[in-house]
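Student: Here is the input, now give the coordinates:
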Amino acid sequence: MQNQKHPSSASRRTRLSVAVAAAFIAPLAAAPAVASSGSWNVLGVDGGRADHVVVDPSNSSRVYQVGPGAGLFASDNGGDSWQQVMTNLAQINDSGAAGVAVDPGTPQTVFLVDGGLEMARSTDGGTTWSSLALPVSSGVWDVVATAPGTVYTWTGSSLLRSTDSGDNWTDIGGTLGLSIISGIIAHPQDALTLYAVGWEGVFKTIDGGVSWSQLTTGLPPANSSGYLFVNFGAIDPSATDTVYVQISNNGVYKSIDGGATWAFSGIGLPNDFFTEMVIDPTNTSRIIMGSGNNDVVMTEDAGAFWGTVAVTGTGTMTMNDVALDPSNPDRLFASSAWHGTFRSDNGGADWQPVNSGFSNFTVLSLARDAASGVLYAGSQGSIAASTDGGQSWTLNTDGYDLGAWAMHADSQLAGHVYAGSSCCGLYESFDAGQSWARVDLGLPRVASWVTGIDVPASSAGTLRFTDYNRGIFGTTDGGVTWEDYTAAIEGLFSGNPRLDDIDATEADPDNIYVVSGDFNSGGVFRSEDGGASWSRIAGSGIGGPTRSEAVAAHPQDPEKAFAAGLSGIVFTVDGGATWESPTVSPCCGEVSDILIDAGNPDLMHVSLENGNLWLSTDGGDTWQEADEAAPAQGFAAIVAGATPDSILGGFKSIGVAEYSTAVADADEDGVSDATDNCTAVSNPAQTDADGDGLGNACDADLNNDCQVNFVDLGQMKSVFFTADPNADLTDDGVVNFADLGQMKTAFFGTPGPGAEPNLCAP
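Tutor: The predicted structure is shown next:
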């Protein structure tokens, strides 16, 4: 620390001599150890993908649901709250749960299949489990319990039945004639009668599967490959010769003579795909189906006419399953492909989400509105928003059922956020994600799969986005007019420009980098004129990364950029003329996202698909693993949190988690070690009088030679009892014995330690 000269007297120096010498006789104190990595806190997002929902026939408060990738969940209060159910069996993949069934005779008996070759069974309502081996060579994907002790499961053409609750199995599909089984329809009174449906149509057995007959009279003809694609069906429990089946692209067909003849029964059905069918046991004229794009459809006259029941009131959602409470048929459940599970207590007139504790939200993109603090998480088919830093979430209510592969919050207008869908272009919301509208580009070329969005904070009204199928689009007047920049870049591709990400330099928003992970024409591309022209700066035989899926431009230096993907992360400092790999690289796996601290560009983070977060404090040249325990696999996105110590990450199944470096604050002064100019001495004010990167509290090196010795002691003596800012190590406005004590602890050592860069960093 460079000393400034102040008037002093010989008498003062003489009086200090003895005191100073005595002060340095005591042993020197050791500096405290510096803490290392931070920790994760899973914030979750309630909701997400739900595949199956089953109500306990004897206890309507007990409900089970399957979330693919997240496992089995159970509720004891009719869906008001959920808890994850674990089998704790080595043979069963809990997160791979594919189907659940409850024995109608002994409802404490529950069956679970995970897509593997074994089934799990619980006889105490899911508390403990045992494994049941299945005689198949490929995975099973569903399970149905039709009568006490009778269970069915299937894979391909193998239809397995057990009559002793899964202890033993018989393959009854040997003469069935289905190459792919979609489902079964069990007779409620005759154990020997069973319908099986699948790709080739509808089949029936009346001898327990010894022989099967195909039912075709009145059904549509098969296609040229012999397929009819029958998905599921149901039997009227009060008139067991009445059977319904649903056929892809052909609606519903009904038989009143046990399948001998069929007639179309789908008037009023939307042109859609359907997922499940249930019949109200107290009123069998009332039939409910899950709809692919129209929420729920229902008939109340035994199939004479169907109508749509909107679950959300606006928009549409994909419903994977429907169920009703057999003891209270006015209570309905509908499991959404992306929005979790909904419940109606009045026969479908009104619905409410019931997802508390059920988290199966796979995050693909994140955005944070710095002005309002609202955090957004985009998934395959829904968007969640949080106004309290991720402690609670609200899924958008307008039925937005499109993938949000990219998101960006407008720094100029609170509540204005963009989302890039996987099918239908760019969307925007002006009410913090509660409602969305497609952005009309007004261009001949229509955007489809949006993969990256860049909105430079330094250039009001400027937005550009990449499209994996169409190219690159942008506006410089806030969306009044749009430009299609694709023609300038498509000549660099062998086919359609397949672009994965985009980022511009904040100091020069016309300097843009985009990347492509395309197998044939991937690489890195640069524009220096706002997108009007492009050049390939990596890939296709010219060096540098050939395939990249994430890019980050240095906020201040237009010539520096980072590209990442399957091969890790690389960077250029000369606009792409050459590329370098870090001296120490993130390990090991695909880099999914890059975050550069806007205030301190030397501070960087990258997320790896395998779940880990990596940190660089020297501008990307060396990296270290920031987290000790990854919360989940499938780490897709990162954004800066509300504080300098916080990073928010988006993960598969678990939703959002917050990484905090608060534990990496060795001196507990509220400043993280990553930015603290004195990591071992508390100095919340961060005073650094000489600007050498080391705070006064740990910088007794007054002559800036990176050694604390008698030279520095002499300089402190010369300004004792003055307000010299450099020698005032305690920052109390006066140089006195407290500062002398600070110097004593550092004597014959080096100043610091402190966050880099600083004058004395090795």
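
Student: bridging residues for M119?
Tutor: Bridge pairing for M119 (DSSP bridges) gives the partners V113, L132.

Student: Tally up the residues packed near it, please.
Tutor: M119 has 27 neighbours, counted by other CB atoms under 10 Å. (C-beta placed from N, C-alpha, C; glycine too.)

Student: What of A629?
Tutor: A629 has 9 nearby residues by other CB under 10 Å.

Student: Equivalent analysis for G105, please.
Tutor: Counted by other CB under 10 Å, the residues lying close to G105 total 14.

Student: so what pLDDT did it get?
Tutor: The per-residue pLDDT reported for G105 equals 90.

Student: Find me whatever residue is spatially closest to it, sequence neighbours aside.
Tutor: P148 (2.5 Å; CB to CB, 6 or more residues apart in numbering).

Student: how close does that neighbour get to A755?
Tutor: 68 Å (CB to CB, to the nearest Å).

Student: So the two - more neighbours on which side?
Tutor: Taking other CB under 10 Å, P148 and A755 do not tie; A755 has more neighbours (23 against 12).

Student: what's the spacing between the more buried one and L694?
Tutor: 9 Å.

Student: so what sits against both of the two?
Tutor: Both A755 and L694 are in contact with N677, where contact means CB atoms under 8 Å, 6 or more residues apart in numbering.

Student: which stretches of the stretch 301-450 of the chain have low pLDDT?
Tutor: 312-316, 397-400 (pLDDT under 70).

Student: try the stretch 601-750 of the chain
Tutor: Scanning the stretch 601-750 of the chain residue by residue, the ranges that satisfy pLDDT under 70 are 662-664.

Student: For it, just list every one of the helices.
Tutor: 710-718, 737-746 (DSSP state H, counting those that start in this stretch).

Student: Now mean neighbour count and distance to P456 too, for those, in CSV please.
Tutor: Formatted as CSV, those follow (neighbours: other CB atoms under 10 Å; distance: least, CB to CB, whole Å):
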stretch, mean neighbour count, distance to P456
helix 710-718, 19, 46
helix 737-746, 19, 44
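
Student: and of those helices, who's closest to P220?
Tutor: Closest of these to P220 is helix 737-746, at 87.2 Å (criterion: CB to CB).

Student: Specify the angle between that closest one and helix 710-718 in degrees.
Tutor: 180 degrees (axes from the mean of the first three to the mean of the last three CA atoms, to 10 degrees).

Student: Can you give me the end-to-end span of stretch 248-265?
Tutor: 14 Å (CA to CA, to the nearest Å).

Student: now what about it, what contacts it?
Tutor: Contacts of stretch 248-265 (CB under 8 Å, 6+ apart): 195, 202, 204, 215, 217-220, 229-231, 239-247, 266, 269, 273, 289, 302-304, 306.

Student: mean confidence for it?
Tutor: Rounded mean pLDDT across stretch 248-265 is 96.

Student: List the buried residues of it.
Tutor: Buried residues in stretch 248-265, counting neighbours by 16 or more other CB atoms under 10 Å, are found at 250-255, 258-259, 262, 264-265.

Student: Then stretch 340-347?
Tutor: 340-344, 347.

Student: what does that stretch contact?
Tutor: 46-48, 50, 53, 65, 78-79, 311, 329-336, 350-355, 358, 360, 395.

Student: returning to what we had before: of the helices of the stretch 601-750 of the chain, which is nearest E628?
Tutor: helix 737-746 (30.6 Å).

Student: Run a quick neighbour tally on N320.
Tutor: 22.

Student: Kindly report the same for C424.
Tutor: 15.

Student: Does it touch S448 like I think?
Tutor: Yes. Counting by CB atoms under 8 Å, S448 is a contact partner of C424 at 6.7 Å.

Student: Contacts only, for the residue lying closest to G373 once chain neighbours are set aside.
Tutor: Once flanking residues are discounted, G373 sits nearest to A642: 6.3 Å by CB to CB, 6+ apart. The contact partners of A642, by CB under 8 Å, 6+ apart, come to 368, 373, 389.

Student: Enumerate every residue touching A239.
Tutor: Here A239 is in contact with 256, 284 (criterion: CB under 8 Å, 6+ apart).

Student: if we can go back for a sec, which among the contacts of A642 gets closest to T153?
Tutor: G389 (43.8 Å).

Student: Dihedrals phi and psi, the residue nearest to that closest one when sequence neighbours are not counted?
Tutor: Distances taken as CB to CB, 6+ apart put A642 closest to G389, at 5.8 Å, once the chain neighbours are dropped. Note on A642: its backbone torsions stand at phi -80, psi -20 [degrees, to the nearest 10].

Student: From N294, how far out is F274?
Tutor: From F274 to N294 the distance is 9 Å (CB to CB).

Student: list the residues that contact both of these two?
Tutor: Joint contacts of F274 and N294 (CB under 8 Å, 6+ apart) do not exist.

Student: In CSV: the helices of the stretch 601-750 of the chain, plus distance to G541.
Tutor: What follows is these, written out as CSV (distance: least, CB to CB, whole Å):
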stretch, distance to G541
helix 710-718, 58
helix 737-746, 56
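
Student: Between these, which one is closest to A133.
Tutor: helix 737-746 (67.7 Å).

Student: tell me what the closest one is packed against?
Tutor: The helices and strands touching helix 737-746, judged by 3 or more CB pairs under 8 Å, 6 or more residues apart in numbering; DSSP states H and E, are helix 10-23, helix 710-718.

Student: where does the stretch 451-600 of the chain dip in pLDDT?
Tutor: Using pLDDT under 70, nothing in the stretch 451-600 of the chain is flagged.

Student: ok, 80 please
Tutor: Scanning the stretch 451-600 of the chain for pLDDT under 80 picks out 566-567.

Student: on that earlier part again, narrow the contacts of stretch 340-347 to those that are buried.
Tutor: For these, buried by 16+ other CB under 10 Å: 46-48, 50, 53, 65, 78-79, 311, 329, 331-336, 351, 353-355, 358, 360, 395.

Student: Please flag which of the residues you listed sit within strands.
Tutor: 47-48, 53, 65, 329, 331-336, 353, 360, 395 (DSSP state E).

Student: out of the contacts of stretch 248-265, which are buried?
Tutor: The buried subset of the contacts of stretch 248-265 - by 16+ other CB under 10 Å - is 195, 202, 204, 215, 219-220, 229-231, 242-247, 266, 269, 273, 289, 302-303, 306.

Student: Among the contacts of A642, which lie within strands?
Tutor: Those of the contacts of A642 lying in strands (DSSP E): R368.

Student: measure D724 to E628 for me?
Tutor: 43 Å.

Student: More neighbours: which of the two?
Tutor: Using other CB under 10 Å, the more surrounded residue of D724 and E628 is D724, with 21 against 11.

Student: I'd say the more buried one and N736 touch.
Tutor: No. If you go by CB under 8 Å, D724 and N736 don't touch, sitting 10.9 Å apart.

Student: Compile the buried residues of stretch 340-347 into JSON lines and extend it with columns for secondary structure.
Tutor: Shown next, in JSON lines, are these (DSSP: H, G, I helix; E, B strand; the rest coil):
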{"residue": "G340", "secondary structure": "coil"}
{"residue": "T341", "secondary structure": "strand"}
{"residue": "F342", "secondary structure": "strand"}
{"residue": "R343", "secondary structure": "strand"}
{"residue": "S344", "secondary structure": "strand"}
{"residue": "G347", "secondary structure": "coil"}
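
Student: Sort out which one of these lies nearest S165 for me.
Tutor: T341 (27.2 Å).

Student: Now do the contacts for K652.
Tutor: 69, 362-363, 632-636.

Student: Show the buried residues in those.
Tutor: Looks like those have 69, 362-363, 632-636 buried, using 16+ other CB under 10 Å.

Student: could I get the residues you listed as JSON lines with distance to M317?
Tutor: Listed next are the buried ones among the contacts of K652 as JSON lines, based on distance: CB to CB, whole Å:
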{"residue": "G69", "distance to M317": "19"}
{"residue": "T362", "distance to M317": "16"}
{"residue": "V363", "distance to M317": "19"}
{"residue": "A632", "distance to M317": "25"}
{"residue": "Q633", "distance to M317": "27"}
{"residue": "G634", "distance to M317": "23"}
{"residue": "F635", "distance to M317": "27"}
{"residue": "A636", "distance to M317": "23"}
